[in-house]
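Asks: What follows is a predicted structure for the sequence shown.
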Amino acid sequence: MSNTTFTFADVETNDSAPIVISEVNKKLLEIQRAADLGGSPAEIRGEGIVLLKNFNQGTTCSGKPKFSGTIVNQEEAKFNVWNSSSAYEYFEQLPTDAQPHVVRISYTLSKYGLVISSISDTDEYDPDVFVYHKYSEKEIVAEFKKALDASGISENAMSVIRAVMHMDYKDFVSVRLVKEYAAYSHHDNCASGLLAHTAKCIRVYNGIKGAYAFLDNEKVNDLMVIGLALHDIGKIYEMHDGVYQANSFLTHRGLGFEHLLAYKQMISDLYDEEFFYMICSVVLQHHGEFGENPRTLCALLVHIVDDVEAQLTSLDELLENDAITTDASGAKIKFNGMYLNVLCG
């Protein structure tokens, strides 16, 4: 096993320049690869300006308190803050549901990841400068509508989706559905990620339903597509630009159910009361074993489609960002705790 020591230059020296996160992630991968090969990579120090996206409080492996979270400049990087640093005091004073904002930091890259040692607010840059817009709002709205059109749902189902999602209005619900993130730290955790994830779920379902006779039933098909369209609607209340809000302890499942209640009479009139509660079961139970176990077939199927789409998107993002770790056996990607061989070149 090699004991090579890897040494790199500092990645940033100008505390008024935006940090190039792509370079930071590249250096972190090199450090991790060196450590995997038995080397002793040198620590790298840097400083600069970046968008603080989110953070949470936790503990280290030895039980000491720490903060961790995400910084952004087009790409994202995870960070830690130890309780011995001045940065720890900054995070102690900041509410956990604080909106993303621009900060100046100094940091160290090592086998422990990116560790922030000092941090302060700055107004030198507009926050939007740092945000990578993976999806065009106009294009993802068109993709969502295209997926609905291809699903073969009835006019009643389309009416339900349009009403519950406020598709004919420009208000809080419709705007947040277009702009909100799909997740805090994985699969489509980016602007417009929520609608992108929803559209892809419907596309996955459209692609497989032809193989199964029971999905040919119009009412079942309506229920599935409505369920997929609305399963994550509570995220517009749970998060704001990917940051958990004060009422997020109820989760997007409970918040989504609360949103649905205003449409009980409408949906019951178009279908029946049981159909309304079937939709509610999807919203409340679509996380399966990771939440409340499904008690309806539709909730189970939406859980399966939701999980498949999320995992495929996570894989796609890892490969797109070249997040591959190399060891003696070749190129591998780490996913769900497993190292998987990938085809490169």
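Replies: Yes, it's here. Residues are numbered from 1 along each chain as shown.
Asks: Now do the strands in the stretch 51-200 of the chain.
Replies: Per DSSP state E, counting those that start in this stretch, the stretch 51-200 of the chain carries strands over the ranges 65-73, 75-82, 101-110, 113-121.
Asks: Columns distance to residue 293 on top of those, output as JSON lines?
Replies: From N, CA and C alone the C-beta is placed, and that goes for glycine too. Below are these laid out as JSON lines (distance: least, C-beta to C-beta, whole Å):
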{"stretch": "strand 65-73", "distance to residue 293": "30"}
{"stretch": "strand 75-82", "distance to residue 293": "31"}
{"stretch": "strand 101-110", "distance to residue 293": "39"}
{"stretch": "strand 113-121", "distance to residue 293": "35"}
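Asks: Turn those strands into TSV, columns for mean pLDDT.
Replies: Putting those into TSV (pLDDT from 0 to 100) gives the following:
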stretch	mean pLDDT
strand 65-73	93
strand 75-82	92
strand 101-110	94
strand 113-121	95
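Asks: nearest to residue 268, of those strands?
Replies: strand 65-73 (42.1 Å; C-beta to C-beta).
Asks: Report how many residues lie close to the closest residue to residue 85 other than its chain neighbours.
Replies: Counting by C-beta to C-beta, 6 or more residues apart in numbering, residue 85 lies nearest to residue 117, which is 4.8 Å off, once chain neighbours are set aside. Neighbours of residue 117 under the rule other C-beta atoms under 10 Å: 17.
Asks: what residues are up against residue 117?
Replies: Neighbour list for residue 117: 85, 86, 87, 105, 106, 107, 108 [criterion: C-beta atoms under 8 Å, 6 or more residues apart in numbering].
Asks: Can you select the buried ones from those in ChimeraX?
Replies: Buried members of those, defined by 16 or more other C-beta atoms under 10 Å, are picked up in ChimeraX with:
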select :85,87,105,106,107,108
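Asks: tell me the two of the contacts of residue 117 that are most distant?
Replies: 86 and 108 (13.5 Å).
Asks: before we move on, back to that, got a markdown table for the contacts of residue 117, with distance to residue 181 too?
Replies: What follows is the contacts of residue 117, written out as a markdown table (distance: C-beta to C-beta, whole Å):
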| residue | distance to residue 181 |
| --- | --- |
| 85 | 28 |
| 86 | 30 |
| 87 | 24 |
| 105 | 22 |
| 106 | 28 |
| 107 | 24 |
| 108 | 28 |
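Asks: From the contacts of residue 117, pick the one nearest residue 195.
Replies: The closest of the contacts of residue 117, once distances to residue 195 are taken by C-beta to C-beta, is residue 105, at 31.5 Å.
Asks: Quick check: mean pLDDT of the helix ranked longest in the chain?
Replies: Ranked by residue count, the top helix of the chain under DSSP state H comes out as helix 297-320. Per-residue pLDDT over helix 297-320 has a mean of 90.
Asks: I'd like to know which elements that helix is packed against.
Replies: Using 3 or more C-beta pairs under 8 Å, 6 or more residues apart in numbering; DSSP states H and E as the contact test, the elements touching helix 297-320 are helix 193-208, helix 218-230, helix 273-285, strand 330-335.
Asks: Could you check the angle it makes with helix 193-208?
Replies: 110 degrees (axes from the mean of the first three to the mean of the last three C-alpha atoms, to 10 degrees).
Asks: Just name the closest of the contacts of residue 117 to residue 35, please.
Replies: residue 108 (14.9 Å).
Asks: Show me the helices in the stretch 1-150 of the chain, by range?
Replies: Counting by DSSP state H, counting those that start in this stretch, the stretch 1-150 of the chain has these helices, from start to end: 21-36, 86-93, 137-150.
Asks: Out of those helices, the one nearest residue 198 is which?
Replies: helix 137-150 (6.5 Å).
Asks: and residue 300, how far is that from residue 231?
Replies: 12 Å (C-beta to C-beta, to the nearest Å).
Asks: Which of those two has more residues huddled nearby?
Replies: The neighbour comparison of residue 300 against residue 231 (other C-beta under 10 Å) goes to residue 231, with 27 against 17.
Asks: ok, the more buried one - contacts?
Replies: Residue 231 neighbours (C-beta under 8 Å, 6+ apart): 198, 201, 256, 282, 283, 286, 302, 306.
Asks: any chance you could read off phi and psi for residue 133?
Replies: phi -90, psi 90 (degrees, to the nearest 10).
Asks: follow-up on the earlier one: wait, which of the helices and strands packed on helix 297-320 is closest to residue 101?
Replies: Nearest of the helices and strands packed on helix 297-320 (C-beta to C-beta): helix 193-208, 19.9 Å.
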